[in-house]
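>>> Fold the following and give me the result.
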Amino acid sequence: MNIAQYLDSTYLKTPAQSGLSEQETLQKDIDLTQEAIDHGIFAVMIRPDYVSDIKNYIKERNSQVVVGTVIGFHEGTYSAEEKLVEATKAIADGADELDFVINYNAYLKGDIETVKEEFVKCTWLCLQHHKIAKWIIEIAALEDGQIADLTKKISNWAEEKFSEEELSKIFVKSSTGFFETKDGKPNGATFEGIKIMLENAGKLPVKAAGGVRTPEDAEKMISLGVKRIGTSSALALIENQSTTEEY
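Modelled structure (predicted):
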């Protein structure tokens with residue numbers, strides 16, 4: 001199985017989180033991108049501040065590697081308007097795919113209209129610019145029934161508001177990799193959580209992010225039906241190595 005074509009190779013730490021400078025962070029993104037170019041990895045997933053530089057780097061090398069970025073990251077509590085502003089800039093900078101953190105806190109409080117509004121507005125923006133929209137629901141913050149319900153709601157909203165051919169460009173994604181769990185609970189994709197998402201995503205593709213630490217795990221996720229895997233250890237996975245990285 002060609003795992004590389006399913007992978008979003010990811011580096012999402014800010015300079016403050018990593019203790020690196022802006023230039024050192026950019027260099028990490030460049031190294032990640034060159035690795036993707038060299039090994040046929042589908043996409044790189046980076047912070048919005050670095051999209052323009054990385055898009056230019058890829059263009060200069062005539063590569064088809066896709067550039068993804070994150071919006072409303074990682075808490076998801078930004079307003080729809082704030083997410084739209086961030087997304088508009090990312091699109092202008094050359095992002096091909098935008099991974100939005102859905103406002104799962106609003107969902108947990110029962111404020112479904114807020115969640116629907118941001119989903120519809122931000123997805124519409126992406127589709128108007130021929131971009132992929134992925135919606136992170138943060139499964140570690142949800143119970144199984146909530147994973148099913150929120151995934152189903154996103155699927156229903158997508159079918160209600162967008163065309164049949166556009167549905168393949170709207171993903172439901174499991175995790176940010178930054179959610180702090182208790183008692184050793186996984187903060188990324190689990191087979192159980194992904195199965196629930198797949199059962200309720202309807203015609204929408206599913207992305208498993210975080211927690212995929214072996215080539216066997218990656219192949220199992222793909223066999224279950226996921227269309228993309230987010231990982232900070234893409235090279236290790238395609239070189240048939242295990243990893244201890246959280247994301």
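>>> now the residue nearest to the spatial centre of the chain, what's its secondary structure?
Of all residues in the chain, the one closest to the mean position by C-alpha atoms, centre = their mean is D99, 4.5 Å from it. With DSSP: H, G, I helix; E, B strand; the rest coil as the basis, D99 sits in strand.
>>> So what pairs up with the residue nearest to it when sequence neighbours are not counted in the strands?
Leaving out its chain neighbours, the residue that sits closest to D99 by C-beta to C-beta, 6 or more residues apart in numbering is K134, at 4.3 Å. All C-beta atoms are positioned from the backbone trio N, CA, C, and that covers glycine. K134 has the following beta-bridge partners by DSSP bridges: D99, F171.
>>> can you confirm V67 is in a strand?
Yes: read with three-state DSSP, V67 is one of the residues of a strand.
>>> Tell me how far it lies from S18.
20 Å (C-beta to C-beta, to the nearest Å).
>>> rewinding a little: tell me the predicted confidence for the residue nearest to the centre of the chain.
Looking at D99, its pLDDT is 98.
>>> ok, so what distance separates it from A140?
Distance, D99 to A140, by C-beta to C-beta: 16 Å.
>>> which one of V67 and S18 has more residues nearby?
Neighbour count, other C-beta atoms under 10 Å: between V67 and S18, V67 has more, with 25 against 13.
>>> dump the residue contacts of that one.
Counting by C-beta atoms under 8 Å, 6 or more residues apart in numbering, V67 touches A43, V44, I46, V51, I54, K55, I58, G94, A95, D96, E97.
>>> nearest to F178, of these?
When those are compared for distance to F178 (C-beta to C-beta), I46 wins out at 14.6 Å.
>>> residues touching that closest one, list them.
T10, Y11, L12, D29, L32, I54, V67, G68, T69.
>>> Would you check that the second one makes contact with Q27?
Think Y11. No: the criterion here is C-beta atoms under 8 Å, and Y11 misses it with Q27 at 10.7 Å.
>>> Which of those two has more residues huddled nearby?
More crowded of Y11 and Q27, by other C-beta under 10 Å: Y11, with 18 against 12.
>>> List phi and psi for that one.
Dihedral angles of Y11 (phi, psi; degrees, to the nearest 10) stand at phi -140, psi 110.
>>> repeat for the one 3 residues further on
The main-chain torsion angles of T14 are listed as degrees, to the nearest 10 and equal phi -80, psi 160.
>>> Let me know the closest of the contacts of I46 to L204.
Nearest member of the contacts of I46 to L204, counting by C-beta to C-beta, is G68, at 16.9 Å.
>>> Could you pull out the helices in this structure for me?
With helices called from DSSP state H, the chain shows them at 15-18, 22-39, 51-60, 80-93, 104-108, 112-128, 144-161, 191-200, 215-224, 234-238.
>>> Comparing these, which stretch has the densest surroundings?
helix 234-238 (a mean of 22; mean count of other C-beta atoms under 10 Å).
>>> Check which helices and strands that helix sits against.
On a contact count with 3 or more C-beta pairs under 8 Å, 6 or more residues apart in numbering; DSSP states H and E, helix 234-238 meets strand 7-11, helix 22-39, helix 215-224.
>>> In the chain, where is pLDDT below threshold?
244-246 (pLDDT under 70).
>>> Is it correct that E159 is in contact with G202?
Yes: taking contacts as C-beta under 8 Å, E159 lies within contact range of G202: 6.6 Å.
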